[in-house]
Structures are given as C-alpha cells and as structure tokens.
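Q: Coordinates for the following, if possible.
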Amino acid sequence: MAARIEHLVTSGTFALDGGVWDVDNNVWIVGDDEEAVVVDAAHDAQAILAALGGRTLRAIVCTHAHNDHIDAAPELAEATGAPVLLHPDDLPLWKLTHPDRTPDGELADGQTVTVAGTALTVLHTPGHAPGAVCLYAPELGTVFTGDTLFAGGPGATGRSFSHFPTIVDSIRERLLTLPPETVVRTGHGDSTTVGAEAPHLDEWVKRGH
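A: Numbers count the residues shown, from 1 in each chain. Just a heads-up that it's a prediction; the model follows:
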C-alpha cells in the first residue's frame, strides 16, 4: 500500500521574545497501515497517538524548533520510541522549550526520510528559523513547508532567529523551483500549491514582511 497523508489540527500557544499567542497547528502524518512519520508534533501528543492508531512511528520530523511545533515531541517520542529529528541550526530554539532533552538525530539538506516506501527529501530553508526545513515528497506530489511558505506568502520573520531576505531566497531557490502542481502543506492554515504562490514573489519582497 502506498503512503498516504493524514492531517490533524492541534491547538495551543506560541511563545517567543516574551509574547504568547494562541495558535492552531497542522500536524501531518505520512505512512500506510503499518508505519508512519509525524511532521511537527504540536501541542497534543495524545491526539497524535490516537491518530497513529498503533502504527509503528519511524520518526518525528521537526520542520523547525519554535515551541508550537515541538512541544509534544518528547512525550510522543517517549510513548512510541521514535526518534526526534531536527536540523542542528535550530538547537538554540529547541533549548528554549526543552532545555533538558536534546533531539535524537539531525536533519541535513538532501537527506531522505523513508516511510512506507516513500522518500521525503529534506530541503534546508532557513529564514523563519535558522534550521527550518521543508520535506519534499515527489511521489506524493507534495511539500511540507512548516512555517516557511504559507498560502499567501512567507512565514513571519519579525522575531528572534529569523531573517526576511533569507526566507525569500529559500522560497525562491528551493520551493518555487518545484513542479507548479506540487501541493504545499503548511504548518498553519490552508494548503496551497507552488504554482499559486510563485507569481507573487515580487509582491512579497516589496511588502517586506
């Protein structure tokens, strides 16, 4: 059975630079009836466990280390034995949330995470966070972008560890070069496609998010 994509929305708070915001996060589960990986273990480990339904969890992949994307990762890892994987450039952010527990493995540009015979290729896309990554699954016609690219523009770059010119370069060079029909599955809100977002790059640059 080919891998499928399942979607869960969990709710909690995002905290950085002294501010706290209520947020809804997209949790993506990629796999088949036997095994899966989770992209961003946000807020509610028990809800994610319920969605997994006893399948073997191969990995917990973090698109970046803002607390709202990783707060449930240690609990989910403890419950399943799955490793938590994070790009090392995001360790300073990780430690703000989990000072006493490090990730179990590193993500690197070009690395592949395979589940149910389907490869997810790691694209290092800094800007929203230094170690932000996207996961491209050509067989599924999709890219999981975390908070790098949303329906309507780049992720926020107004807080610590972020940089607007860098996120624009990441999107231009790593995401908008993917096939236009590629579905963009985001960290918050609705999905979009590469083709729908590509024409608006110059507008984003002028707005300067």
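Q: Which residues in the lowest-mean-pLDDT helix or strand in the chain does the neighbour count mark as buried?
A: Counting by mean pLDDT, DSSP states H and E, the chain has its least confident helix or strand at helix 201-207, which shows a mean of 90. Residues residue 204 are the ones in helix 201-207 that count as buried (16 or more other C-beta atoms under 10 Å). In short, each C-beta sits where N, CA and C put it, glycine included.
Q: Who are the packing partners of that helix?
A: Judged by 3 or more C-beta pairs under 8 Å, 6 or more residues apart in numbering; DSSP states H and E, the packing partners of helix 201-207 are strand 153-154, helix 164-170.
Q: got a markdown table for those, with mean neighbour count and mean pLDDT too?
A: Converted to a markdown table, the helices and strands packed on helix 201-207 look like this (neighbours: other C-beta atoms under 10 Å; pLDDT from 0 to 100):
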| stretch | mean neighbour count | mean pLDDT |
| --- | --- | --- |
| strand 153-154 | 22 | 96 |
| helix 164-170 | 19 | 97 |
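Q: right, and the ones you listed - which one's nearest residue 88?
A: Comparing the helices and strands packed on helix 201-207 against residue 88 with C-beta to C-beta, the closest turns out to be helix 164-170 (16.8 Å).
Q: How far does whichever helix or strand comes after the closest one sit from its chain's centre?
A: Going down the chain from helix 164-170, the next helix or strand is strand 183-186, by DSSP states H and E. With C-alpha atoms, centre = their mean, to the nearest Å as the basis, strand 183-186 stands 10 Å off its chain's centre.
Q: Quickly run through the sheet partners of strand 183-186, with directions.
A: strand 142-146 (parallel), strand 192-193 (antiparallel) (DSSP bridges).
Q: Tell me where the chain has strands.
A: Along the chain, the stretches classed as strands by DSSP state E are 4-16, 19-31, 35-39, 56-61, 84-86, 105-106, 112-115, 118-124, 133-137, 142-146, 149-150, 153-154, 183-186, 192-193.
Q: which one of the strands paired with strand 183-186 has the most crowded surroundings?
A: strand 142-146 (a mean of 27; mean count of other C-beta atoms under 10 Å).
Q: Return the angle between stretch directions for that one and strand 4-16.
A: Interaxial angle of strand 142-146 relative to strand 4-16 (axes from the mean of the first three to the mean of the last three C-alpha atoms, to 10 degrees): 10 degrees.
Q: hmm, back to that, among the strands of the chain, which is nearest residue 201?
A: Nearest to residue 201 among the strands of the chain is strand 153-154; the distance by C-beta to C-beta comes to 9.1 Å.
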